[in-house]
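[1] Build me a structure from this.
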Amino acid sequence: MSVNHDHNHTTSIKGKKLFFTILLNIFITVGQLIGGLISGSLALISDALHNFTDVISLVISYTADRMTKREQTLSHTFGYKRAEIIAAFINGVSLIIVSAYLAYQAAFRLITPEPIATNYVIWLSLVAIIGNGISVLILQKDAKDNLNMRSAYIHLFSDLIISVAVLIGGLMMHFFSIYWIDPLLTITISIYLFFLSLKIVVESVSILMLFSPKHLSILDIETAVCKFPKVKNMHHVHLWELNDKDIYLEAHLEFEEDITLSEFDAVCQSIEEMVRKDFNISHTMFQPEFFREDEKVLIIQD
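    Residues are numbered from 1 along each chain as shown. Below you'll find the model as predicted:
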């Protein structure tokens with residue numbers, strides 16, 4: 001009972017943090033968009049658009065965080081545990097689209113640079129640095145253990161870096177009238193965003209496609225399982241991540257002897273404790289077999 005309470009308490013704290021960063025980024029987005037339109041700075045507008053995608057991504061992350069609180073039911077036996085992974089995927093894709101659009105727009109501006117009212121760029125980028133810096137600090141701890149929070153954190157951290165770049169560009173334009181630096185910064189920012197978000201997309205797709213975790217070896221797990229008494233082999237294995245916290249393992253276990261059900265339960269309990277401790281596998285499902293004629297290979301082509 002205490003475990004559920006702690007989990008709900010942690011989820012509630014995460015939700016509050018996300019909600020606060022949503023409000024903060026709405027304020028930053030509106031200010032930068034107005035300032036960008038007045039000053040004519042494409043870099044400032046691009047930062048505002050990226051901030052707007054931050055708001056959308058944070059709303060998605062906040063919604064997903066709330067959905068994970070829902071209980072499992074007969075029609076939703078896994079509950080909504082993958083809501084955060086879907087949110088991370090959407091956030092990553094949105095960043096890739098935005099980065100491509102900004103690079104496209106900046107390419108035209110690079111050919112024909114335009115004068116920019118740099119005062120707006122400097123002051124509004126400073127505001128964005130402060131706002132995004134606060135948001136990054138708020139989400140930093142939760143980003144280490146949660147893919148959804150990490151995608152939101154990367155959105156905000158990238159915005160912090162972008163705002164610093166925009167400030168540097170604003171200062172260079174103000175003191176040296178180097179206006180081509182504005183679209184050049186935008187292109188650089190776009191490339192940075194693309195590769196940053198691609199990692200999130202690849203990681204979330206891997207989980208959604210039920211790929212085995214990269215840090216685990218099925219061969220190592222098989223070796224460890226087959227060391228238990230009376231276990232002849234392990235085959236027909238499936239290993240996947242439900243989300244970025246829960247790893248599932250299911251397999252057929254063939255025994256050397258026709259053991260009783262109680263003996264099988266004892267062996268299973270020992271194996272479950274071992275894979276949880278050594279491989280961080282949280283859920284296991286084993287099917288017992290004795291002298292059954294089927295393929296004894298690790299991966300069966302279903």
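[2] Mark out where each domain of the chain begins and ends.
    The chain breaks down into these domains under automatic domain parsing: 2-208, 218-289.
[3] Save those as a markdown table, and put in distance to Leu298 and mean pLDDT too.
    Bear in mind the C-beta positions are built from the backbone N, C-alpha and C, glycine included. Listed next are the domains of the chain as a markdown table, based on distance: least, CB to CB, whole Å; pLDDT from 0 to 100:
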| stretch | distance to Leu298 | mean pLDDT |
| --- | --- | --- |
| domain 2-208 | 20 | 78 |
| domain 218-289 | 5 | 95 |
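[4] Mean neighbour count, those: which tops it?
    Stretch with highest mean neighbour count among the domains of the chain: domain 2-208 (a mean of 19; mean count of other CB atoms under 10 Å).
[5] how much space between the residue nearest to Val267 when sequence neighbours are not counted and Met274?
    Excluding the flanking residues, the one nearest Val267 by CB to CB, 6 or more residues apart in numbering is Phe228, at 5.9 Å. Separation of Phe228 from Met274 (CB to CB, to the nearest Å) stands at 8 Å.
[6] what about Ala251, which SS state?
    Here Ala251 is strand, with the state taken from DSSP: H, G, I helix; E, B strand; the rest coil.
[7] what sits against it?
    By CB atoms under 8 Å, 6 or more residues apart in numbering, Ala251 lies in contact with 225, 234-238, 285-287.
[8] quick one: which helix or strand includes Leu210?
    Leu210 belongs to no helix or strand when elements are defined using DSSP states H and E.
[9] Would you mind giving the contacts of Ala251 as a markdown table with secondary structure and distance to His174 added?
    Converted to a markdown table, the contacts of Ala251 look like this (DSSP: H, G, I helix; E, B strand; the rest coil; distance: CB to CB, whole Å):
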| residue | secondary structure | distance to His174 |
| --- | --- | --- |
| Val225 | helix | 66 |
| Met234 | strand | 67 |
| His235 | strand | 69 |
| His236 | strand | 67 |
| Val237 | strand | 62 |
| His238 | strand | 60 |
| Met285 | strand | 64 |
| Phe286 | strand | 68 |
| Gln287 | strand | 70 |
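[10] I figured Leu126 hits Leu167, correct?
    Yes - contact criterion CB atoms under 8 Å: Leu126 and Leu167 qualify, at 6.3 Å.
[11] how near is the residue nearest the centre of the chain to Phe52?
    By CA atoms, centre = their mean, the chain has its centre lying nearest to Leu147, at 3.1 Å. Using CB to CB, one obtains 22 Å as the distance from Leu147 to Phe52.
[12] On the three-state scheme, Leu216 is what?
    Under three-state DSSP, Leu216 falls in the coil class.
[13] just so I have it, where are all the helices in the protein?
    For the chain, the helices defined by DSSP state H cover 2-39, 42-67, 83-111, 118-139, 147-176, 181-208, 218-225, 261-279.
[14] Make a markdown table out of those helices and add distance to Val297.
    Shown next, in a markdown table, are these (distance: least, CB to CB, whole Å):
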| stretch | distance to Val297 |
| --- | --- |
| helix 2-39 | 37 |
| helix 42-67 | 38 |
| helix 83-111 | 30 |
| helix 118-139 | 44 |
| helix 147-176 | 32 |
| helix 181-208 | 23 |
| helix 218-225 | 11 |
| helix 261-279 | 20 |
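[15] one step back: any chance of a markdown table for the contacts of Ala251, columns distance to Asp65?
    Below are those laid out as a markdown table (distance: CB to CB, whole Å):
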| residue | distance to Asp65 |
| --- | --- |
| Val225 | 35 |
| Met234 | 36 |
| His235 | 39 |
| His236 | 36 |
| Val237 | 32 |
| His238 | 28 |
| Met285 | 28 |
| Phe286 | 33 |
| Gln287 | 35 |
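[16] For Leu156, state which of the residues you listed is nearest.
    Closest approach between those and Leu156, by CB to CB: His238, at 36.0 Å.
[17] any idea how far the residue nearest to Val267 lies from Met209?
    Phe228 is 31 Å from Met209, by CB to CB.
[18] chain center to stretch 125-132: distance?
    Computed by CA atoms, centre = their mean, to the nearest Å, the chain-centroid distance of stretch 125-132 equals 24 Å.
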